[in-house]
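Chemist: Fold the following.
(2 chains)
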Amino acid sequence: MRQAIYRYDYRRSGDQDARAVVRHPVVVVGAGPVGLAAAIDLALRRVPVVLLDDADRIGEGSRGICWSKRTLEILDRLGVGERLLAHGVTWKLGKVFCGDELLFSFDLLPEEGHKMPAFINLQQFYLEKALVDRALEIDGLDLRWKNRVVGLEWRNDGARLTIETPQGRYRLDADWLIAADGARSTIRGLLGLDFAGVTFEDKFLIADVRMAADFPTERRFWFAPTFHSGQSALMHRQPDDVWRIDLQLGPDADPEAEQEPRRVRARLDKVLAPHAYELEWVSIYTFNCRRLDHFVHGRVIFVGDSAHQVSPFGARGANSGIQDAENLAWKLTAVLAGDGGAALIASYDLERVQAADENIGHSTRSTDFMSPHSGAERRLRDAVLALAPKAEFARRMVNSGRLSLPTVYDSPLSTPDEAPFAGAAKLGAPVPDAPLMRPDGTATHLLENLRHGFELIRVTDGGKGAARPDGVDGMALTVIGADFFDHNGIFTQRFDATPGATYLVRPDQHLCARWRRFDPVAAARAHRRALQR
Amino acid sequence: MPKLVTAAQFADPDAAYRALADARRNLSDAAAAELDARLVLILANHIGDLDVVREAIVLAKASRDGR
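Modeler: Sure thing, here's the model as predicted:
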């Protein structure tokens, strides 16, 4: 089976030899996808970051494979999106079977004009490797392997950490501590925080196998297939001829016995015959859906699995964690720079708790459908499956995991619309991507031109107003019809754009205000509101 | 001309399923079957059209061995 594939060296930090405890504005604990994304985002915003990880390698343990469109857009802004896109398997077609019969198939991104696809599949260690490579390129990001947090003193103006290394212990002060240390978070434990929720009793076998097979590039999900009677099964393609197989085993499965290679092979042979395959990785899982009551505890902020956990159906774990990181990074930057009010950090809690509840809700419903709690619930589920081939309403209830879409924040940071807007762009949601043309005729996309700050996007009004009004609060201004051209009308359609329409976009690319006409006073007010000052 | 609507009518089908599943959580098979019988009567009366109810019976019976 696969072993650790990338190792990094522990290096002694000057902080370990300092006479006084060294203070840093931000310390991130945990160099998984979420901690790396948070640290890179902060460092790109010129906030110095120390990133601690207790290990010295990546590539082991339970791992995510599905990266959603919004995650890819975030990672693109962080500088690794195109690399991941080139490496990953792009897919958008899903098929759901009952027994051996196809119930329905679905296309996740039926429209054109987005830089990023609905999903790519890529082993998590490749994503982590790309992020580590990126982190090592950036000044002001200090990544320390084999640095394990063993103590935490909680203060009003920060946190004091005790850190264990191969060369003994040292202490570090942080104005802000970001806990990205996963489902079994040490920081959460050190603070003694309750992490309550629902544990699902069903056990699942997750196996990655390597085989040369010409199965199509699509997500396949079976309820009660003949090759795995009475249970559900999932199959998904990854790069390197690796396939993820996920088999429901029921509540009574013995985790030890089920991981024996002979037993695993006996199950997989039925799925994969006549293909020959090698086992890459095998694990037995149960799932939890739970979250912390609050993600912000004074100067300690939880992101990703340390804050919330969901079942994997619907790809809402690591994806939502990366969205936590992006929500927090710009807010913390603004607060550290004195541009944002203290309430901005509270809005991280508000917005990402809303997102976590949405993800937990979807994930719980999917898991309940796949794994009914009782005979009575199973009969209802089976009735839906029995009706599904004949009745559309029942097909719509069949739930093998719902597509993870970014949450539309119901947020105090948003300025309510004065005039109605139609289109895909929603107040409080990431702005939809759209293909644009530069003045020199080359093609680009909207999102790759929205970088790290607040941005005003204005549509020309045919010469009635100034083509390029004076700046507002130092925000970047992009004029559609001068800087870029909406050559095929997709921007206009997705933003319900009319001449003069103006949009205020947050540093995390979420829409926080829009107007039918450009009004610098209103724009400045909306900007202050989005910064909570 | 069939009168029974089988196209999806709930804006959020997952929420509708969840409501029906929640109603039977922690019920025994017999208690759930009794609940279903009462639900059928209530919903049939709400529909108030015997032709529709008869079509629904035919669809439900035809799907019995559909798995």
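Chemist: so what pLDDT did the residue of the stretch 201-350 of chain A found nearest chain B get?
Modeler: Closest contact between the stretch 201-350 of chain A and chain B, by C-beta to the nearest C-beta, is at A:Ala224 (7.0 Å). C-beta here means a position set from N, CA and C on the backbone, and glycine is covered the same way. In this model, A:Ala224 is scored at 90, pLDDT.
Chemist: Geometric centre of chain B: which residue is closest?
Modeler: The centre of chain B sits closest to B:Val40, judged by C-alpha atoms, centre = their mean, with a distance of 6.5 Å.
Chemist: what comes up buried for the helix or strand in which that one is found?
Modeler: Assigned by DSSP states H and E, B:Val40 belongs to helix B:29-47. Residues B:Ala32, B:Asp36 are the ones in helix B:29-47 that count as buried (16 or more other C-beta atoms under 10 Å in any protein chain shown).
Chemist: same question, stretch A:290-304
Modeler: Neighbour-count burial for stretch A:290-304 flags A:Arg290, A:Arg291, A:Leu292, A:Phe295, A:Val296, A:His297, A:Arg299, A:Val300, A:Ile301, A:Phe302, A:Val303, A:Gly304 (criterion: 16+ other C-beta under 10 Å).
Chemist: Make JSON lines out of those residues and add secondary structure and distance to chain B.
Modeler: Below are the buried residues of stretch A:290-304 laid out as JSON lines (DSSP: H, G, I helix; E, B strand; the rest coil; distance: C-beta to the nearest C-beta, whole Å):
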{"residue": "A:Arg290", "secondary structure": "strand", "distance to chain B": "18"}
{"residue": "A:Arg291", "secondary structure": "strand", "distance to chain B": "19"}
{"residue": "A:Leu292", "secondary structure": "coil", "distance to chain B": "24"}
{"residue": "A:Phe295", "secondary structure": "coil", "distance to chain B": "25"}
{"residue": "A:Val296", "secondary structure": "strand", "distance to chain B": "30"}
{"residue": "A:His297", "secondary structure": "strand", "distance to chain B": "32"}
{"residue": "A:Arg299", "secondary structure": "coil", "distance to chain B": "38"}
{"residue": "A:Val300", "secondary structure": "strand", "distance to chain B": "34"}
{"residue": "A:Ile301", "secondary structure": "strand", "distance to chain B": "31"}
{"residue": "A:Phe302", "secondary structure": "strand", "distance to chain B": "28"}
{"residue": "A:Val303", "secondary structure": "coil", "distance to chain B": "27"}
{"residue": "A:Gly304", "secondary structure": "helix", "distance to chain B": "25"}
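Chemist: Show me what counts as buried in the longest strand seen in chain A.
Modeler: Criterion DSSP state E: the longest strand present in chain A is strand A:168-179. By 16+ other C-beta under 10 Å, the buried positions in strand A:168-179 come out as A:Tyr170, A:Arg171, A:Leu172, A:Asp173, A:Ala174, A:Asp175, A:Trp176, A:Leu177, A:Ile178, A:Ala179.
Chemist: Tell me which stretches of the stretch 201-350 of chain A form strands.
Modeler: For the stretch 201-350 of chain A, the strands defined by DSSP state E, counting those that start in this stretch cover A:203-210, A:219-223, A:232-238, A:242-250, A:278-285, A:288-291, A:296-297, A:300-302, A:308-309.
Chemist: Can you give the strand pairings for the fourth one, parallel or anti for each?
Modeler: Using DSSP bridges, the strands paired with strand A:242-250 in its sheet are strand A:203-210 (antiparallel), strand A:232-238 (antiparallel).
Chemist: Could I get the contacting residues of the most centrally placed residue in chain A?
Modeler: Closest residue to the average C-alpha location of chain A: A:Asn319 at 2.0 Å, with C-alpha atoms, centre = their mean. Contact partners of A:Asn319, counting by C-beta atoms under 8 Å, 6 or more residues apart in numbering or on different chains, are A:Gly64, A:Cys66, A:Trp67, A:Ser68, A:Arg70, A:Thr71, A:Ser404.
Chemist: Tell me the one of those nearest B:Arg24?
Modeler: Lowest distance from B:Arg24 to the contacts of A:Asn319 (C-beta to C-beta) belongs to A:Ser404, with 28.2 Å.
Chemist: looking at it, the closest one is touching A:Ala315, isn't it?
Modeler: Yes - if you go by C-beta atoms under 8 Å, A:Ser404 and A:Ala315 touch, sitting 5.1 Å apart.
Chemist: tell me how far stretch A:431-441 is from the chain's mean position?
Modeler: Its chain's average C-alpha position is 25 Å from that of stretch A:431-441, according to C-alpha atoms, centre = their mean, to the nearest Å.
Chemist: and the end-to-end length of it?
Modeler: With C-alpha to C-alpha, to the nearest Å as the measure, stretch A:431-441 spans 23 Å from end to end.
Chemist: which SSE is the residue of the stretch 251-400 of chain A found nearest chain B in?
Modeler: Closest approach of the stretch 251-400 of chain A to chain B (C-beta to the nearest C-beta) occurs at A:Ala376, with a separation of 3.3 Å. Assigned by DSSP H and E, A:Ala376 belongs to helix A:375-387.
Chemist: tell me which residues in the helix or strand just after that helix are buried?
Modeler: Next helix or strand after helix A:375-387 toward the C-terminus (DSSP H and E): helix A:392-397. Neighbour-count burial for helix A:392-397, counted by 16+ other C-beta under 10 Å, picks out A:Phe393, A:Ala394, A:Arg395, A:Arg396, A:Met397.
Chemist: could you say what helices and strands whichever helix or strand comes after helix A:392-397 packs with?
Modeler: Later in the chain than helix A:392-397, the nearest helix or strand by DSSP H and E is strand A:435-437. Applying 3 or more C-beta pairs under 8 Å, 6 or more residues apart in numbering or on different chains; DSSP states H and E, one finds that strand A:435-437 contacts strand A:443-445.
Chemist: and the strand it packs on, which strands flank it?
Modeler: Assessed with DSSP bridges, strand A:443-445 is paired to strand A:435-437 (antiparallel).
Chemist: average pLDDT for the partner strand?
Modeler: The average pLDDT for strand A:435-437 rounds to 97.
Chemist: hang on, the earlier thing: which outside residues touch the longest strand of chain A?
Modeler: Contacting residues not belonging to strand A:168-179 are listed as A:13, A:15-16, A:21-30, A:35, A:38, A:50, A:150, A:152, A:157-163, A:185, A:187-188, A:299-303, A:306-307, A:328, A:332, A:336 [C-beta under 8 Å, 6+ apart].
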